[in-house]
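Trainee: following is a predicted model, sequence given first.
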Amino acid sequence: MTEDKQQKFTSKVRRGLVWVHSTANNELNRRKADSTTVRLEGFTASDLADVEAALLWISQNKEEKGSA
């Protein structure tokens, strides 16, 4: 893959992460708000830590709206 194609691919992935981050973050926040207990149904503590770490990574690596 040429350098130009690699940069275009990386840019597409980063733009796609904007949607993934928004959707996943909103869903996680909704589940936390709806939870009546400390634990979230369907998540172990390890699962939740993994999801939160992934969302942090995505937020640091996604392209902001309006960027090239």
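Mentor: Sure thing, it's come through.

Trainee: which parts of the longest helix anywhere in the chain are buried?
Mentor: Ranked by residue count and defined by DSSP state H, the top helix of the chain is helix 3-34. Within helix 3-34, the residues that count as buried by 16 or more other Cβ atoms under 10 Å are L17, V18, H21, L28. C-beta: built from backbone N, CA, C; applies to glycine.

Trainee: distance of the second one relative to G42?
Mentor: Translated: V18. Applying Cβ to Cβ, to the nearest Å, one obtains 25 Å for the distance of V18 from G42.

Trainee: what does stretch 16-36 contact?
Mentor: Judged by Cβ atoms under 8 Å, 6 or more residues apart in numbering, the contacts made with stretch 16-36 from elsewhere in the structure are 40-41, 51-52, 54-55, 58-59, 61-65.

Trainee: just the CA trace of that stretch, in PDB.
Mentor: Backbone C-alpha positions of stretch 16-36 (Å, rounded to 0.1, in the frame of the first residue of the first chain) are rendered in PDB as follows:
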ATOM      1  CA  GLY A  16     -15.400   6.200  11.400                       C
ATOM      2  CA  LEU A  17     -14.300   6.100  15.000                       C
ATOM      3  CA  VAL A  18     -16.300   9.400  15.600                       C
ATOM      4  CA  TRP A  19     -19.500   7.500  15.000                       C
ATOM      5  CA  VAL A  20     -18.400   4.400  16.900                       C
ATOM      6  CA  HIS A  21     -17.300   6.500  19.900                       C
ATOM      7  CA  SER A  22     -20.500   8.600  20.000                       C
ATOM      8  CA  THR A  23     -22.800   5.500  19.700                       C
ATOM      9  CA  ALA A  24     -21.000   3.300  22.200                       C
ATOM     10  CA  ASN A  25     -20.400   6.100  24.700                       C
ATOM     11  CA  ASN A  26     -24.100   7.100  24.500                       C
ATOM     12  CA  GLU A  27     -25.200   3.500  25.000                       C
ATOM     13  CA  LEU A  28     -22.900   3.000  27.900                       C
ATOM     14  CA  ASN A  29     -24.000   6.200  29.600                       C
ATOM     15  CA  ARG A  30     -27.700   5.200  29.100                       C
ATOM     16  CA  ARG A  31     -27.100   1.800  30.600                       C
ATOM     17  CA  LYS A  32     -25.300   3.400  33.600                       C
ATOM     18  CA  ALA A  33     -28.100   5.900  34.100                       C
ATOM     19  CA  ASP A  34     -30.800   3.100  33.900                       C
ATOM     20  CA  SER A  35     -28.900   0.800  36.200                       C
ATOM     21  CA  THR A  36     -30.400   0.500  39.700                       C
END
